[in-house]
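S.K.: When you get a sec, could you give me coordinates for this:
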Amino acid sequence: MEHEQISLLRDGAILLGAGLFCVLLFRRLGLGATLGYLVAGAAVGPHVLGLVGDAESKMGIAELGITLLLFIVGLELNPTRLWRMKQEIFGVGLLQVVACGLAITGVVWIAHFSGPAALALGLPLALSSTAQVLPMLQSSGRMRTPFGERAFSILLFQDLSIVPLITILAAMSRNPADANAPPGWLLGIYTVLAVVGLVLAGRFVLRPFFRLIGNLGEREMFVFAALFTVICSAAIMEVLGLSTALGAFIAGVMLADSPYRHELEADVEPFRSILLGLFFLAVGMMLDLTAIAERPLFVLAMAAALIATKTLVIFLIGLAFRMPWRGALALGLLLSQGGEFGFVLFAQAQNGLLIAPEAASLFGAIVTISMASTPFLMSATKRFRQQPIVKDQERDGPKTDGANAIIVGYGRFGQTVGQMLIAEGVPVTLVDTDIEMIDIASEFGAKVYYGDGTRLDLLRQAGASEAELILFCIDGDQIDAEILEGVHAAFPKATIFVRAYDRRALIKLSHSKAEYVVREVLESAISMGRRALSSIGVDDGAIDRAEHSYRANDRERLRKQVEAGDLRAGIDGIITQAARD
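M.R.: Purely as a prediction, here's the structure:
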C-alpha cells in the first residue's frame, strides 16, 4: 500500500511537472496548451522516457474533466436558449455526424479495410474533440457568438450520438458475449428517462438543495455540493450505459438560470482545468509511437485524409446553411480533428471483434495526431479567419469593436451612463453578467455582452486595450483597489470611473487608480433635497447656498475620514438639527 502511494505521488509529480513545462513552452510559442499537454504525455509515457505508465487508469480519472467541462457549458445555456438552438443541434449536428461518418467510412474502406471494420472506424472518427474545441472557443471569446453556438451545437449532437453509435456497434458485434447486452431501443428509453429524471431533479431537488447550502454561507459546502451534483449525474448515466458528459450537461442546463450559477461555475472551474489537462496528458501517454514507427506514412496520410475530409464536409454543410465561406471554412478546420470519444468507440469495436487491437492502436494514434494538428491549423489560418465578416455574424460575445468606452454593469445606473454617452455619439461596449438584463436590453435595441467585466481577459476581448474609458457601474461593493490596480496596469491608456456603493466604499477606493469615484445615491439625494426645499417655498439662491454648504462640509469630512482611515472621523462636520438650533 505504501509503495503504491509513493508511486502515485511520483507519477503525479512527473505528470504535473512535465505538463507545466510543456504548456508554458507551447504557450510561449503560440501553439496552445492542448498540444503542450499531448507532447508532455507522450514524452513521459511508456513509449519514450517510460517515466509514467498505466495511462488507461489515469484516463478513467481524467475523463471527469470532460464531464466537468460539459457541466460548465450547461451552466451557460439556460433552457430557453437551448430550445432556441434546437434547429442547429438536430439539423446541422445530425447532418455533420451522418455526412462525416459516411465520408470517412469510405476513406477507410479505400485503405483496404473490410466494410464492417471501415464502418466501425469511420463512424467514431466523425466525432470531434469537445475537450479541445470548447476551451478554444471560450479563450477566444467566441463561445456566445453565432459561430460558437453552431460549433457547440455540433459538438452537443455528437455527444448525444454516442448512444446510437454504441447501439450500431453492438448490433454489428461478432462477439457472442455481447448477445446479452441491452438492445438499442432499450438504451433509447433509458436515455429519455434519464434526461427527464435529471430535469425533474434539477427543478425540485437541486435548487432547494443549493438554497439550503447558500443559507449556511459555507463555501466549502458549495464546492462539495457542486462536485457531488456533477459526479452523481454522470454516475447515473454511466450505470445506464449512457454518456456521462451528457448527464453533467443536463444538470448544468437545469441550474443555468438559478441564482447560484456563477458560484457553481467558479467552484467547478479549477477542477475542470486540472482534470482536462490530465486528460490530454493521458491521451499523449496512450499515443502508440511503435505503431506510428511501423507504418508512419499510413498514419500521417490517414490523419491528413481525416482532417481534409471533415473540413470539406463541414465547409459544405456551413455553406448549405448560409454561413459566409470564411466562417464555414473556419468551422471545418475547428472541428476537423478526431475526438476523445473515438477511443471509447474503438474499444467497443475491438471488444465486438470488428477490428483488431493493432487497428485500434493505429487509429488511436491517428486521432491523437489530428488533435495535435488543430492548434497549428487554427494558428496558421488566424489572419485569414480575421477577415471582415457579415455584420450580424458576431452577436453575444465580447469583442473588439472600436469602442471609446466600456461600461461594466448595465443595470439602472449603467443604463443612464451608457445612454448619455451614446447620445453624444460615443461608441460604447456594454458588459453584464445578468442574462435576464441582457435579454431585456436586446428587446430595446441595446447590445449587451455577457461576461464578468472585472476579468482582465474579458476586458481585453471587449477592446479595453484601445478604449479611452472604462466605467465600472456594478451594483454593490464588488470593486476594490486591487482590481483597479490590475485594470490600470493592463490598460494604462484608459481612464477609470467607478460607482461606489456607499461612503465606506468611497474611502476604500480613495487611493485607487480610479480617476473619478461617485457614491451611487449622492446626486439623486441632493436632487431630492433641492426639490423638497423648493416645495416649501425656499428661494433658489438659498437652495444653492444649502447645496454648496452641504457639499463643502461633505468634502471636508470625507478628507478627514480618508486621512484617519476611520468612518467616525470628521463627525463634527455633519449638519444636524442641533447644530442649526
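S.K.: What is the least confident helix or strand in the protein?
M.R.: Using mean pLDDT, DSSP states H and E, helix 577-580 stands out as the lowest-scoring helix or strand of the chain, at a mean of 43.
S.K.: Which parts of the chain are strands?
M.R.: For the chain, strands defined by DSSP state E occupy the ranges 405-408, 428-432, 448-450, 469-472, 495-500, 516-519.
S.K.: Okay, buried residues for the second one please.
M.R.: Within strand 428-432, the residues that qualify as buried are 428-432, counting by 16 or more other Cβ atoms under 10 Å. Glycine gets a C-beta too; all of them are placed from N, C-alpha and C.
S.K.: Please work out the average pLDDT along that strand.
M.R.: The average pLDDT for strand 428-432 rounds to 82.
S.K.: tell me the contacts of the residue nearest to residue 195 when sequence neighbours are not counted?
M.R.: Nearest residue to residue 195, sequence neighbours excluded (Cβ to Cβ, 6 or more residues apart in numbering): residue 250, at 5.7 Å. Each residue near residue 250 by Cβ atoms under 8 Å, 6 or more residues apart in numbering is listed here: 74, 195, 198-199, 202, 233.
S.K.: quick one, what contacts residue 496?
M.R.: Shown in contact with residue 496 (Cβ under 8 Å, 6+ apart): 470-472, 484, 487-488, 513-515.
S.K.: was I right about residue 348 contacting residue 171?
M.R.: No - applying Cβ atoms under 8 Å, one finds residue 348 not in contact with residue 171, separated by 11.6 Å.
S.K.: mind checking how far the nearest residue to residue 346 once chain neighbours are set aside is from residue 366?
M.R.: The shortest distance from residue 346 to any non-neighbouring residue, by Cβ to Cβ, 6+ apart, is to residue 360 (4.5 Å). Remark: distance between residue 360 and residue 366 (Cβ to Cβ, to the nearest Å) = 11 Å.
S.K.: Sketch out the low-pLDDT regions of the stretch 251-400 of the chain for me.
M.R.: Counting by pLDDT under 70, the low-confidence segments of the stretch 251-400 of the chain come to 257-263, 266, 379-400.
S.K.: I should have written the stretch 101-250 of the chain there, sorry.
M.R.: Looking at the stretch 101-250 of the chain by pLDDT under 70, you get 138-141, 143-144, 163, 167, 175-185, 187-188, 214-215, 217-219, 241-243.
S.K.: That one: helices as residue ranges?
M.R.: Secondary structure of the stretch 101-250 of the chain (DSSP state H, counting those that start in this stretch): helices located at 115-125, 130-139, 146-160, 162-172, 184-201, 207-216, 219-239, 244-254.
S.K.: For the fourth one, what is the distance to the chain centroid?
M.R.: So that's helix 162-172. Offset of helix 162-172 from its chain centre (Cα atoms, centre = their mean, to the nearest Å): 30 Å.
S.K.: which helices and strands sit right next to that helix?
M.R.: Using 3 or more Cβ pairs under 8 Å, 6 or more residues apart in numbering; DSSP states H and E as the contact test, the elements touching helix 162-172 are helix 115-125, helix 184-201, helix 341-351.
S.K.: Once you drop chain neighbours, what's closest to residue 209?
M.R.: What sits nearest to residue 209 in space, not counting adjacent residues and going by Cβ to Cβ, 6+ apart, is residue 225, at 6.8 Å.
S.K.: that older thread, any chance of the helices and strands packed on helix 162-172 in CSV, with distance to residue 291 and mean neighbour count too?
M.R.: As requested, the helices and strands packed on helix 162-172 are exported to CSV (distance: least, Cβ to Cβ, whole Å; neighbours: other Cβ atoms under 10 Å):
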stretch, distance to residue 291, mean neighbour count
helix 115-125, 14, 23
helix 184-201, 32, 15
helix 341-351, 13, 21
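S.K.: For residue 307, find the nearest of the helices of the stretch 101-250 of the chain.
M.R.: For residue 307, the closest of the helices of the stretch 101-250 of the chain is helix 115-125, at 10.5 Å, according to Cβ to Cβ.
S.K.: which residue sits closest to residue 377 in space, ignoring its chain neighbours?
M.R.: Residue 377 sits nearest to residue 333 (Cβ to Cβ, 6+ apart), 4.9 Å away.
S.K.: Just give me the neighbour total for that neighbour.
M.R.: By other Cβ atoms under 10 Å, 22 other residues sit near residue 333.
S.K.: who's in contact with it?
M.R.: By Cβ under 8 Å, 6+ apart, residue 333 lies in contact with 311, 374, 377-378, 381.
S.K.: Quick check: residue 24 vs residue 37, distance?
M.R.: From residue 24 across to residue 37, the span is 12 Å (Cβ to Cβ).
S.K.: Have a look at these two and say which one is more surrounded.
M.R.: residue 37 (27 against 12).
S.K.: Ignoring the adjacent residues along the chain, who's closest to that one?
M.R.: Take residue 37 and drop its neighbours on the chain: the residue closest to it by Cβ to Cβ, 6+ apart is residue 280, 3.5 Å away.
S.K.: just checking, residue 340 touches residue 133?
M.R.: No - between residue 340 and residue 133 there is no contact under Cβ under 8 Å: 10.8 Å.
S.K.: So which of the two has more stuff around it?
M.R.: Taking other Cβ under 10 Å, residue 340 and residue 133 do not tie; residue 340 has more neighbours (26 against 23).
S.K.: dump the residue contacts of the more buried one.
M.R.: Residue 340 sits next to 63, 66, 129-131, 279, 283 when contact means Cβ under 8 Å, 6+ apart.
S.K.: Turn those residues into CSV, including neighbour count and distance to residue 47.
M.R.: CSV is the format used below for the contacts of residue 340 (neighbours: other Cβ atoms under 10 Å; distance: Cβ to Cβ, whole Å):
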residue, neighbour count, distance to residue 47
63, 23, 21
66, 26, 24
129, 27, 21
130, 23, 26
131, 26, 22
279, 25, 18
283, 28, 13
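S.K.: okay, now the nearest residue to residue 46 once chain neighbours are set aside: neighbour count?
M.R.: Take residue 46 and drop its neighbours on the chain: the residue closest to it by Cβ to Cβ, 6+ apart is residue 53, 5.2 Å away. Neighbour count for residue 53, taken as other Cβ under 10 Å: 14.
S.K.: could you list every residue that touches the nearest residue to residue 99 once chain neighbours are set aside?
M.R.: For residue 99, ignoring the flanking residues on the chain, the nearest one in space by Cβ to Cβ, 6+ apart is residue 313 at 5.0 Å. By Cβ under 8 Å, 6+ apart, the contact list for residue 313 reads 96, 99-100, 103, 332.
S.K.: Tell me the one of those residues nearest residue 554?
M.R.: Closest to residue 554, out of all of those and judged by Cβ to Cβ, is residue 332, at 62.1 Å.
S.K.: pretty sure that closest one is touching residue 307, no?
M.R.: No - Residue 332 is not in contact with residue 307 according to Cβ under 8 Å; the separation is 9.3 Å.
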